[in-house]
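> this one's sequence-less:
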């Protein structure tokens, strides 16, 4: 469903006003009528007008005076001036006051339609320009050849062509917005805007206006109407990041917008149709957020038509060298083998974002030299040293170096003894966990409720 534009026609001649009304209806627009500049200004102040078509000469506040008042009151609505053949110089003056175009009377319907299309296109381009300048940031493509990333890529390609609302979950820093951008770029909407809103970063009392826009005078400081991200994304994709941080009261309005395909601006009373695809993301477990009263269950079911769970970086360690090479490419830097191994052994609680930040810091410290262990933070080096100590047989006691079945004193436990039974149970449970997780060490460790380092230590101890 596309939005029907409201066009304000202003003329003091009833016959001309009637002609404009009929022409606008025939062209598929919603006409709003005013017989003079004062009446037009009042209608503009109420909001909801997408374009003004005004006669140049009117006895009560003419077209130029109307344009000047619109400029003074920050009523940012494009205007087309209707003028006669001998008034080109006045039309140029109107353009200086903010008119986007002018047409000469008498005009036919095709001339009017061309001028309207041009003015509305210019308005949308300005809105997109403003948004892109404010939101422009360097984006990174999804990188990785691990089985987890291959599965994710296949899922993205499966869901992208349709319209299904998609919920993207994963820890902070795993790249949820990049996944949303990938879905948009692979969708039929790729030539329209991708609009991202971080629901956690915008104060609760401002988020409604940010999403749905507001009319002039809707609240203190609302000196002009403002379109929200829903309208801006019309025809494209709206990405709601950290949706579980949205106030519970606002979630009801979001649910209504998703179900009806239309929104209502703050302070307004009309429904505005929007054609958008919504992608949402959260670093929380949605079911837990529902239990904690952070997320409406009906909104969850509406968002969770298709679900994508992003793996943390520690579950796809084989991608770390690829990611590191990508981040360092822009700095023309290299990573030595020891540093690369250290990065691969670290658990990355901050995931890909933490890796990118640490490598950026390392490029500054290294001053152009190849990055080695000296340039990495102490917590990464400490974690690697601890891992090495726990994994090195030379640092374990005789029992740990022996084959399974030995006790802590180095003596073989008697059949039926508790040490032997404990070791056999550990081995059995580790093998079962590895089989259940297709040999994924991170998942197996979580299944066993131990750290991944502990699992690697036991694998070394038992020679598994």
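It's in. Remember, it's a predicted structure, so these values are computed and weren't measured experimentally. Numbers count the residues shown, from 1 in each chain.
> okay, CA-based contacts and neighbour counts for the rest of this
OK.
> Quick check: which element contains residue 195?
In the assignment (DSSP states H and E), residue 195 maps to strand 194-198.
> Please apply the same query to residue 252.
Going by DSSP H and E, residue 252 is part of helix 248-260.
> Quick one: list the elements packing against that helix.
helix 297-303 (3 or more CA pairs under 8 Å, 6 or more residues apart in numbering; DSSP states H and E).
> The helix it packs on packs against which elements?
helix 248-260.
> what sits up against the helix or strand just after the helix it packs on?
Going down the chain from helix 248-260, the next helix or strand is strand 262-263, by DSSP H and E. Contacts to strand 262-263, defined as CA atoms under 8 Å, 6 or more residues apart in numbering, come from residues 212, 230, 257, 271-274.
> Can you go through the residues you listed and name the buried ones?
212, 230, 257, 272-274 (16 or more other CA atoms under 10 Å).
> Can you name the residues in contact with the helix or strand that the strand holding residue 195 is followed by?
Counting by DSSP H and E, the next helix or strand C-terminal to strand 194-198 is helix 204-212. Helix 204-212 is contacted from outside by 199, 227-231, 246-247, 250, 263-266, using CA under 8 Å, 6+ apart.
> would TSV of the residues you listed with pLDDT and distance to residue 351 be doable?
Shown next, in TSV, are the contacts of helix 204-212 (pLDDT from 0 to 100; distance: CA to CA, whole Å):
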residue	pLDDT	distance to residue 351
199	95	21
227	88	35
228	92	32
229	94	29
230	95	30
231	92	33
246	96	24
247	95	27
250	96	30
263	94	36
264	92	38
265	92	38
266	90	38
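> all strands in the chain, in order from the N-terminus.
6-10, 30-34, 51-55, 79-83, 101-104, 166-169, 194-198, 237-241, 262-263, 272-273, 277-282, 306-309 (DSSP state E).
> will you turn the ones you listed into TSV that also has distance to residue 118?
Listed next are these as TSV, based on distance: least, CA to CA, whole Å:
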stretch	distance to residue 118
strand 6-10	14
strand 30-34	17
strand 51-55	11
strand 79-83	10
strand 101-104	8
strand 166-169	35
strand 194-198	23
strand 237-241	24
strand 262-263	25
strand 272-273	21
strand 277-282	26
strand 306-309	38
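> Would you confirm that residue 336 contacts residue 369?
No. With contacts counted by CA atoms under 8 Å, residue 336 stays clear of residue 369, the gap being 10.1 Å.
> Who has more neighbours out of those two?
residue 369 (14 against 11; other CA atoms under 10 Å).
> that older thread, what residues sit buried inside the helix holding residue 252?
For helix 248-260, by 16+ other CA under 10 Å, it's 251, 254-255, 257-258.
> Neighbours of residue 463, how many?
12.
> how close does it get to residue 444?
17 Å (CA to CA, to the nearest Å).
> show me the contacts for the residue lying closest to residue 25 once chain neighbours are set aside.
Distances taken as CA to CA, 6 or more residues apart in numbering place residue 31 nearest to residue 25, at 6.7 Å, with adjacent residues excluded. Neighbour list for residue 31: 6-9, 21, 24-25 [criterion: CA under 8 Å, 6+ apart].
> Below-threshold pLDDT in the chain: ranges please.
1-3, 85-88, 127-141, 383-422, 425 (pLDDT under 70).
> can I see the domain layout of it?
6-130, 147-311, 393-464 (automatic domain parsing).
> circling back: just the buried ones out of the contacts of helix 204-212, please.
Buried among the contacts of helix 204-212 (16+ other CA under 10 Å): 199, 227-231, 246-247, 263-266.
> Out of these, the closest to residue 374 would be?
Residue 374 lies nearest to residue 199 out of these, by CA to CA, at 38.8 Å.
> Is the closest one in contact with residue 240, as I believe?
Yes. Here residue 199 reaches residue 240: they are 6.6 Å apart, a contact under CA under 8 Å.
> okay if I get the buried residues of helix 248-260 as CSV plus distance to residue 194?
Compiled in CSV, these are given as follows (distance: CA to CA, whole Å):
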residue, distance to residue 194
251, 21
254, 18
255, 20
257, 18
258, 17
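> coming back round to it: I'd like the contacts of helix 204-212 laid out as JSON lines, including distance to residue 341.
JSON lines is the format used below for the contacts of helix 204-212 (distance: CA to CA, whole Å):
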{"residue": "199", "distance to residue 341": "37"}
{"residue": "227", "distance to residue 341": "50"}
{"residue": "228", "distance to residue 341": "47"}
{"residue": "229", "distance to residue 341": "44"}
{"residue": "230", "distance to residue 341": "45"}
{"residue": "231", "distance to residue 341": "48"}
{"residue": "246", "distance to residue 341": "40"}
{"residue": "247", "distance to residue 341": "43"}
{"residue": "250", "distance to residue 341": "47"}
{"residue": "263", "distance to residue 341": "52"}
{"residue": "264", "distance to residue 341": "54"}
{"residue": "265", "distance to residue 341": "53"}
{"residue": "266", "distance to residue 341": "54"}
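> Neighbours of residue 78, how many?
Residue neighbour count, defined by other CA under 10 Å, stands at 21 for residue 78.
> just residue 304 next, same as before
Neighbour tally, residue 304, other CA under 10 Å: 18.
> Quickly list what the closest residue to it other than its chain neighbours is bridged to.
Distances taken as CA to CA, 6+ apart put residue 167 closest to residue 304, at 5.2 Å, once the chain neighbours are dropped. The partner list for residue 167 in beta bridges (DSSP bridges) reads residue 280, residue 307.
> who's in contact with residue 167?
Counted by CA under 8 Å, 6+ apart, residue 167 has contacts 279-282, 303-308.
> For it, give its distance to residue 448.
Distance, residue 167 to residue 448, by CA to CA: 29 Å.
> Residue 311 is in contact with residue 146, isn't it?
No. Residue 311 lies out of contact with residue 146 (CA under 8 Å); the separation is 10.6 Å.
> Would you mind confirming that residue 307 makes contact with residue 168?
Yes. With contacts counted by CA under 8 Å, residue 307 reaches residue 168, the gap being 6.0 Å.
> what about those two, which has more around it?
residue 168 (24 against 16).
> how about that one, what does it touch?
Contacts of residue 168 (CA under 8 Å, 6+ apart): 176, 180, 279-282, 307-310.
> can you count the residues close to residue 297?
Residue 297: 15 neighbours (other CA under 10 Å).
> Pull the contacting residues for residue 313.
174, 319-320, 347-348, 351-352.
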